[in-house]
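K.L.:
Predicted model and sequence below, questions to follow.
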Amino acid sequence: MTSAEENPGTELTFLLGIGFQLMLGEFTRRLAEEGYADLRPLHGMAFQALKGPGATASELAERLGVTKQAAGQIVDDLEKRGYVRREPHPGGGRRKLVVLTPAADRHLATAGRVLHQLEAELAARADLAALRGELARVIRALHGDGGLPPLRPVW
């Protein structure tokens, strides 16, 4: 198989997709070795969306770009595993606030450490600072100068 450097005509979307797939696969493999084989990347995205004060299932659905039903299923699953809990909403009513448990906080700490290790290893072989800069320019060109758009789990 030839590398992208040997085939400069490789489409950008293909290169971005393969890079994402390989990075996510290695990250997930390493997390499994750390004891988190029960979690998928979508769970990590949900943890990111719930960090801080938490969110309602509807807010989680919006942040992840999924249906309310799908968000409810994610919350149910994570609650059974002990990673989130439902609490009364501070605004009252029937709404529930979904918050992370200490188990989720431990996962996030482990995931952060694993990700930083992986990035450090990659930085020894590639110019990640330049890559980040170029990707930021691509994002601005496509999305504008505002903040980053949400990463939606469409894969």
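P.N.:
It's in. The model shown is predicted, which means the values in this text are computed figures rather than measured ones.
K.L.:
Poorly predicted segments of the protein, please.
P.N.:
Per-residue confidence of the chain (counting by pLDDT under 70) places the weak regions at 1-7, 153-155.
K.L.:
now the residue positioned nearest the centre of it: how far from Leu78?
P.N.:
The geometric centre of the chain, computed from its C-alpha atoms, lies nearest to Met45 (C-alpha atoms, centre = their mean), at 3.6 Å. The spacing between Met45 and Leu78, counted by C-beta to C-beta, to the nearest Å, is 12 Å. Glycine gets a C-beta too; all of them are placed from N, C-alpha and C.
K.L.:
Please report the distance of the residue nearest to the centre of the chain from Ala141.
P.N.:
Using C-beta to C-beta, which is the criterion applied here, Met45 is 24 Å from Ala141.
K.L.:
cool, and Leu108?
P.N.:
Leu108 sits 31 Å away from Ala141, going by C-beta to C-beta.
K.L.:
quick one: which of these two has more around it?
P.N.:
More crowded of Leu108 and Ala141, by other C-beta atoms under 10 Å: Leu108, with 16 against 9.
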